[in-house]
Structures are given as structure tokens and as C-alpha cells.
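> can you look at this prediction? I've put the sequence above it.
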Amino acid sequence: MAAGQQGAIMGFVHRRRRGAELFLLVLALAVGIGAYAAVGIGVEGEVPVDLLGYGGWLAGLVVAAHVVIRFVAPYADPVLLPVVAALNGLGLAVIHRLDLADGTTFARQQLTWMTLGVVLFVGTLVVLRDHRVLTRFTYTSGLAAIVLLLLPLVPGLGKTINGARIWIGVGPFSFQPGEVAKVLLVITFAGYLVLHRDALALAGRRLLVVDLPRGRDLGPILAMWLVSLGVLVFQRDLGSSLLFFGLFLVMLYVATERPGWLVVGSAMFLGGALVAWRLFGHVRTRVDIWLDPFAYYGEGTSDQSYQLVESLFGMAWGGLLGRGFGEGNPERIPYAESDFIIGAIGEELGLTGVMAVLLLYGLIVERALRAALISRDGFGKLVATGLASVFALQVFVVVGGVMRLIPLTGLTTPFLSYGGSSLVANWVIIALVLRISDLARRPAPSVGDSAGEDASAAETTQVVRLP
Amino acid sequence: MTMNKPIRTIAIFCLLLFVGLMVNATYLQYHAAGDLNDDQRNRRVIDAAYSRERGAVLVGRDSVAVSKPSEDRFEFQRTYPQPFKYAPLTGFFAYQYGASGIERSQNDVLSGEDSRLFVTKLVDLVSNDESEGGNVQLTIDPAAQDAAYAGLTALGQGTRGSVVALQPSSGKVLAMVSLPTYDPNKLSSHDFTGVRDTWERLSGDPGQPLLNRAIQTTLPPGSTFKVLTAAAAIEAGLYTADDQVPGGATYQLPLTSGETGLIDNEGRACGTDRIPFTLAMENSCNTTFAALAGEVGAEQMLETAEAFGFNSDYLQDLRPQARSVYPDELDAAQLGQTGIGQFEVRATPLQMAMVVAGLANGGVVMRPYVVDEVQSADYEVLDKTEPTELSQAVRPQTADEVTELMVSTVENGTASPAAIQGVEVAGKTGTAQSGDPDRPPYAWFVSFAPDEDVAVAVVIENAEISRSEIAGGTLGGPIAKAVMEAVIRQ
């Protein structure tokens, strides 16, 4: 049968859209390089002397990524890379702006990390031609994740920064292994759940709102999850604990298609939060600050909410359009280049800038979920959904914390915040999503042509060509 | 396809998360922004106000406070070209310690936020300029201010006192000087370490240099209050200026016996039994005015005092002001003491200037004011203060008769140092005990020129010479004279 007819039967065939990606990349570079130039003009009154070198490096990185995608993932989603490039470029510019105020050199280091991130991004796409290969590493990556999470507790290796022991120090570099563990756990959960989803969904007894699976089906994954969660709670990393809890819940729900898990999960979350509030002083402090930050700000108080209130003041001061680069005082916010970068953006780029950033994040999540929807294999669906929800949750937890929507828990703002581990891990996440979307959007191989079988077989069976 | 249904649910969940963030961002940066920007602890707003080009404070044709471009992180530096002389009026504009004086009470105009500048603001908005602050033109007469400052500083280092001159017909403040004073440039500097040292030195100084004594301290007015007692007695119809009033070497206050309730005249001649009203005023006879207060009665004394401004706040464009007090619910002995400005009577120098200005203005007390005009940054007059009447304190006839008594006091009595060749001057001295026997008494002097338009009050808190009644005249008289001359000569 002719290929055209088969296409009609299969319906819609995705186009590659690599030209659109290139066009969007130009826009993204205009954002990143333009912001860098605007910082120079706003803060120092002149276009930065290294604008060409900086812009060239940034452009070189993303164009290299684009070219590699053309070759190894031609059908990948065309929106993701430009959105990520725009966010990363904007983040660099804002970090550079804070560098100028504080006399630090975080932007330079961040550019180095971004380079490493793009290298790993390219590496992931080149090496991993089919994401299903990862199902072979279900338990390995789970073990690796737990080892990584435990690393900061090793004496001599771990470092305590701002009360949380979630860092390891290698020479002059600090690394947050939790960021990488996040990706590994998604792979573990997805690999396990796709294998056991039928058993989990169907075998077992009904208990209240949910069909409780058999212990031998749920046990291993539950154990792995509890260990990682326990480690994080022990390390006082509230943000990551919340993230991993949400991640597991979402993936369990998607794999089993049982909404009851959400009810059980929410109840568990509320219970856990209450217990944590009762048991841990630092959790209570966070909640108190969230309820009334102004009572813990200024002279005569503990000043514990200094960071949050300065950020709120900054965002209010920014208003709708922002003060403009160099016209605000984002350097008043401690760690503005890290967790509180959205406060710096809100002050100098205003509500407009914050909305733009949120929309970009929303686009990443939407694109990843779209890849999950059209993916032809369960593992791809689960990985893409997991990565999308971990991303959405992280943005919500950190941005919501900074804006006092929820109590503050420390997490980095993906692609914007200064921090190597986070940046590198997020570039790998995008590479994985691109790989899944590439396979999903790739036209199904015309089995009829190659094997000479009849059309009815092609209609009922989907064959995905392996590289 | 399998799993797509939960994925869609998750998509909706993620959408809700982002909508939540966006709603929250809008709330924070739009709806709640105003309240957050108004927070006293918000240094960003303070920084911005501190960097902004503020309007000038003008006296005559000169600026006494002006913003000059600055090279550091703040764009403008507030400077005060005649710092010590005008500090009590301009106040300071300090980063860590806020502002005072005109800088504080006229902040809306100076910073450009006042609605009267709205036309300019709209133009600024269209032309995308930074909104410029408006100028404030003070009512101060530079010559009078110079004379007052020179006269008070001539008394020597460590002098504590103040001078207020009013234009009786309008209530314009023509001069306002307070000593000890300070250099507001040192508090408004961008060298914050230096500012902190200066602030600590000034606020720890027992002389309280940051205080504008002319409006922020109340003192017993002593004998200058006899002017008001006389006005009350004449207004009540008890006497005229030509009548005989009670005299005598001593006066026993009602309800008292012995030394504590006995009032004397510190050796001045006040006759026996009855003496002319003019003589009683000339020689500042305590016995006479203590008796007069009793005759007028507590109610009538209170009414007259309040008509001149006691027990109320009237200064609207320079804040804060201390409230002058005439006490309520007096017994007969206390009433007698208030007649000579003792007991709990307390007045600011401005208040006593208002009393004589009211007499000079035919009994009509005008509301005092220091801001004459509000101008745009281009010196275009946007608003000019209209003089307003505070009260008709006494009848014109009463005012004339008290004036007669005070003119006589300058010509023949204790207030002679204020006499000006060829100009009729009315005046009254005063000396008030500070309550602490170790501290020197307060020397007062009030005067006005009935044919001219000026009234002056002078207070020296540490009159180091003698405790005699003459102190007010010898110290304050020449200063009052110099200020009146400065106004009259123009």
C-alpha cells in the first residue's frame, strides 16, 4: 500500500519544525543578549565591552544544541530549546546585574555551568537514541539516587550551607546531588511503575477510597521512596522533600489511573505537614514567618524574615513595569541570585517580567506533558509526566515561597537561579523530554513497505523503529 | 490511549499551580504594592526619596535648602547654604533619621507628590521626565532673620533662646531663630558614619540643638503675660488705661497666709493702695496684676487666653508645635499667680508674639504661617497662602488701651532698651523663674511698633546676668529693637 494512504489512515503526521526552532532561538537570544546589554547600560551606563564575546558564546552554545537536535532528534519539540535558552539567558543577565552590585562573579561561573549543561544535553541526546533503554537501569538509578542523596552526610565531603546539609564540596566546587537524584528517581519510578502498573492497579483489596495494591507490588518502590524522603527530612531540605513526595504521588496516580491515590496522598501530605510542624522548630519558624513576615522584620525583632520581606518590598517597588535594570535595589535581598531571583526580576522587570517568566515555565510544562500525551510507550509517558510535574512543582514551591503564597522552602528556580547542579540537571531533563517527544512525533515506520505485510496489520499494530 | 486521562488531570493541576502563581504575583505587585511601599521600614522607598531632586526652600530670592547633583549612589545631595541661621526652619533631610522642619512638613511639595503639582506631573508623565519637586517660598524676611540671628548669637557661646517676629496684619512669620542651632548639612550628608556621629552628638547635647525653641518649647511667660491680664481686665470693662488700679508693696494671695502666698515687687515702686495703670505696667507690678487676675475671674482669664491661641494648635505648615497652656479649674490663689504668668501658665515664644501681634492688629489674632507660596520647579506660583483670622481676641478699643500701656512701658519703664528713635514702640519685659533655684531665670521680651507692621518675641533661657526684672529688657530689648528696625527700614 502507498505511503500516502497509510499516512491518511494514521492521521496526523508531525513535521520536524526545525526552522521554527531556529527562528524562536533568535528571539530567545535577543532576550538573553539584550538583557545582558540592558544590564550594562542600566547599571554602568554603557554597553558591556564583552557583549560580543558573551553574546557569541551564548549564541554558539544554543546553536550547537540546535544543530545536534537537527541530526539526532529531528522530530523533537521545537519550542522547548528556545524557551530554555531565553530563561537561561535572562537568568545570566540578572545574575550579572547582581554581580555588579555585590562585586561577585557568579555570572561567569554560571556561564561555565551552562556550558557544561549544554554539553551534557548534547551528550544525552547523542548517546540516548531511545529513552526506553533507561528501563534497564531502573534499580541502578534508584540506588544511585539514594547514594547521591546520602553523599552530603559523608563527613569531609558534605557541607552545611544555610542550615541544610544538602551540598557536597569537591575542591572549590559545591554540588547539590539532590538535583541529579531528582532525575534518577523519575527514571526509577517510571521504570518500575510501567512494569508493575497492571498489578498495582488491579490486584489487591479495596480500602476506603483506593484499591490497595499487594505489598509485593508496591513494596520495593515504596521503600525506595521512603528512604529518599527520610534522607531529605533528615537533611532539613523541606523543598526537596515536598518535591519528591509530589513526584511519587503524581507518577503513581498516572501509572495506576486511580484518582484515589491523590486523595490518600493529599491526606498523607496534610498529616505529614502537621507532624513536621509539631516536631520541628525550623518548620514552625517557616510557617510563622509565612503567616506574618512583618513581625519578624526590622530592628527589635529576630529579623528572620529579612530575606522574604526585602523580596516582597522589592516586588512591590517594581510594580507593573519594574524599575528597570540598575534602578532597583535587588542586592538588598540576600541570595537574590539564587532562590530569590524571582524577587530581583519582579523588582527590576516588574509584574510584566514575572508573568513572562511564569509563562515560559508554563510552556515548558505544557510541552513536556504534550510529549507525554503523544508518546507511544508507557515508560516515555511516565518519564515525561514525571519530569513535567517535578518541574511545575519546583517552580510553584520556590516562586510561591518567594511571593508568600506558601511557606518558604529552599529550592532553586530552574534555569534562572545561580547554581551549577540545578542548571546541569535541568538541561538533562530537557534533553530527556526532547528525546521522548522526538520519538513520539516521529512518523511511524511504514511496516508495509519494508516487510511487505498487509495493511490491516499496520492499522492495528504500532511499530516503533529502533535506531 | 492508556494513561492519557490522568496526564490530562495532571495538566489541569499544573495549570492551576501556574494560575495561582500569576494571581499571587498580580496581587503582590499591583494590589498590595501601595501598602508595602508605604511601610516605614521599606528602605527602597526611602532611598528613592533620598535620591530624588527635591524642590528648594526659598527665603526672599535665596535658597536656604536646595538639591545639588551628586556623584555617588544617590543622585542628589541636599545642601543648606545658610545652615545655622535657618536650621530651625528648614530642618534636616537625613537618610537614617528622616526629616524635620519644613523638609518634613512640606515633604509632599518638595518631593513632587503634592496634588497642587499635578499639572506639572501630568506634563512630566507625557514627556517621560522624572517628576520634579516644587519649591516652597517662606514668609521669612531675610533682613529680620539676619537681625534676630545676629542679636541672639551676640549673647555668646552657650546661649539658649529664640526669637520670633510676626507680621500682625497677616500672621506671616518674619523671623524665627533658635539657639543652640546645628548644621543640617552634616545630617543630610551621604557620609553615613559621619551623620551617625553628628546625630549622636546632637541628640545627646543637653542644649537640645535639634529643637526649634520658637515653637517647640513652652516656658512660663512671666511678666510678659501681664499684657494679657491687662487686656482681659480692660476687655471686661473693669478699667481703662487711664484708671487707677490696685497697687502696694505686697499682695497676699487669696486662701493663703504667710510668706509662700505673699507676692512682692522685687523692690520696684508700686505705690500703696491705688496707682495709675500705666505705672503698674511700666514697673511691672506683680501686686497689681495678681489682683487684676482675681478681679477678672478664672473663666474670663481662660477665655481671653484661649482667644489669643492658648490651649490650641494653630501652626499648620510647620510641625510639630508645642501647645501653650493656660490652666483650667484654678483656685483663687492660683488664679492670682497666673495673672503674672506664673503657676502652670506656659507659652511658646510664638504664642507670646501672637499676643502682642493681636494687640497690634486691633485685637484680631491672625493664624501664623511660614509657607507663603508653593511653586512649581520653574518658580511658577501654584498656591499662595491667604491670611486667615484666628480670632477677634479683644475689642479694638481694648487693644488700643493695652498698646498705650505698653508704649508707656518703653518710654518710661522697664522696656526702654527697645525704644527706636522716631518710631513709637510698645513693649513688655518678663523674667520667669525656671522652678529650679540653681538654674538662671528665663528672660522674655515682647514688643511691636503700633504704626508699623511687626511684632517680636524674644526669649533667653539662660540669662546669666541677674535675676532682676530688668534682665528681659537688657538682653531681649536690643534684639527686639534690631528686628523691628530691620523690618521698618524696608
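Happy to help now that I have it. From a predicted model like this one, the values you see are computed outputs, not experimental measurements. Numbering: from 1, shown residues only, chains lettered A, B, ... in the order given.

> gap between the residue nearest to residue B:368 when sequence neighbours are not counted and chain A?
Take residue B:368 and drop its neighbours on the chain: the residue closest to it by Cβ to Cβ, 6 or more residues apart in numbering or on different chains is residue B:171, 4.7 Å away. (C-beta placed from N, C-alpha, C; glycine too.) Between residue B:171 and chain A the distance is 41 Å, computed by Cβ to the nearest Cβ, to the nearest Å.

> who's in contact with residue B:171?
B:357, B:365, B:366, B:367, B:368, B:369, B:387, B:388, B:390 (Cβ atoms under 8 Å, 6 or more residues apart in numbering or on different chains).

> isn't there a helix covering the last one?
No. With DSSP: H, G, I helix; E, B strand; the rest coil as the criterion, residue B:390 is assigned strand and is not in a helix.

> center of chain A - which residue?
By Cα atoms, centre = their mean, chain A has its centre lying nearest to residue A:391, at 3.5 Å.

> and the pLDDT for residue 213?
Going with chain A. On the pLDDT scale, residue A:213 is placed at 75.

> wait, chain B was what I had in mind.
For residue B:213, the pLDDT comes out at 95.

> my read: it touches residue B:459, true?
Yes. At 7.2 Å, residue B:213 counts as touching residue B:459 under the criterion of Cβ atoms under 8 Å.

> joint contacts of the two?
Joint contacts of residue B:213 and residue B:459 (Cβ under 8 Å, 6+ apart) are B:161, B:162, B:349.

> tell me the most packed of these, by neighbour count.
residue B:349 (31 neighbours; other Cβ atoms under 10 Å in any protein chain shown).

> show me what contacts it?
B:162, B:163, B:164, B:213, B:214, B:215, B:217, B:457, B:458, B:459.

> quick one, what contacts the residue in the stretch 101-250 of chain A positioned nearest to chain B?
Closest contact between the stretch 101-250 of chain A and chain B, by Cβ to the nearest Cβ, is at residue A:250 (5.8 Å). Going by Cβ under 8 Å, 6+ apart, residue A:250 touches A:385, A:386, A:389, B:10.

> if we use 6 Å, what do you get?
Residue A:250 is in contact with A:389, B:10, counting by Cβ atoms under 6 Å, 6 or more residues apart in numbering or on different chains.

> okay, and it sits in which element?
helix A:238-256 (DSSP states H and E).

> now the strands for the stretch 101-250 of chain B?
All strands of the stretch 101-250 of chain B, identified by DSSP state E, counting those that start in this stretch, fall at B:135-138, B:161-167, B:172-179, B:244-246, B:250-252.

> of those, which is nearest residue B:404?
Using Cβ to Cβ as the measure, strand B:244-246 is the one of the strands of the stretch 101-250 of chain B that comes nearest residue B:404, at 13.7 Å.

> list of residues touching the closest one?
Contacts to strand B:244-246, defined as Cβ under 6 Å, 6+ apart, come from residues B:239, B:274, B:277, B:280, B:288, B:291.

> same thing but 8 Å
With contact meaning Cβ under 8 Å, 6+ apart, strand B:244-246 is reached by B:233, B:239, B:273, B:274, B:275, B:276, B:277, B:280, B:287, B:288, B:291, B:292.

> residue contacts, the residue of the stretch 151-300 of chain B found nearest chain A?
Residue nearest to chain A within the stretch 151-300 of chain B: residue B:196 (14.4 Å; Cβ to the nearest Cβ). Each residue near residue B:196 by Cβ under 8 Å, 6+ apart is listed here: residue B:96.

> per-residue pLDDT, it?
Here, the pLDDT recorded for residue B:196 equals 92.

> which stretches of the stretch 351-467 of chain A have low pLDDT?
Residue ranges of the stretch 351-467 of chain A with pLDDT under 70: A:446-467.

> near chain B, which residues of it?
A:351, A:354-355, A:358, A:361-362, A:365-366, A:369, A:372-373, A:378, A:381-382, A:385, A:388-389, A:392-393, A:395-396, A:399-400, A:403-405 (Cβ under 8 Å from any Cβ of the partner chain).

> in the stretch 251-400 of chain A, what residue comes closest to chain B?
Proximity of the stretch 251-400 of chain A to chain B (Cβ to the nearest Cβ) peaks at residue A:316, 3.6 Å away.

> returning to that earlier point: now do the residue of the stretch 151-300 of chain B closest to chain A against residue A:234, distance only.
45 Å (Cβ to Cβ, to the nearest Å).

> of all the shared contacts of residue B:213 and residue B:459, which comes closest to residue A:81?
Ranked by distance to residue A:81 (Cβ to Cβ), the shared contacts of residue B:213 and residue B:459 are led by residue B:162 at 74.3 Å.

> and the angle for the helix ranked longest in chain A with helix A:238-256?
What stands out as the longest helix in chain A, according to DSSP state H, is helix A:341-374. Counting by axes from the mean of the first three to the mean of the last three Cα atoms, to 10 degrees, helix A:341-374 lies at 10 degrees to helix A:238-256.

> ok so, going back, and the residue of the stretch 251-400 of chain A closest to chain B, that one's in a helix?
Yes. Under three-state DSSP, residue A:316 sits within a helix.

> now do the contacts for the residue nearest to residue B:384 when sequence neighbours are not counted.
Leaving aside its sequence neighbours, residue B:384 sits nearest to residue B:373 (Cβ to Cβ, 6+ apart; 5.0 Å). With contact taken as Cβ under 8 Å, 6+ apart, residue B:373 is in contact with B:136, B:137, B:381, B:382, B:383, B:384, B:385.

> kindly report the residues of the stretch 151-300 of chain A close to chain B.
Near chain B, when you scan the stretch 151-300 of chain A using Cβ under 8 Å from any Cβ, you find A:250, A:253, A:254, A:255, A:257, A:259, A:294, A:297, A:298.
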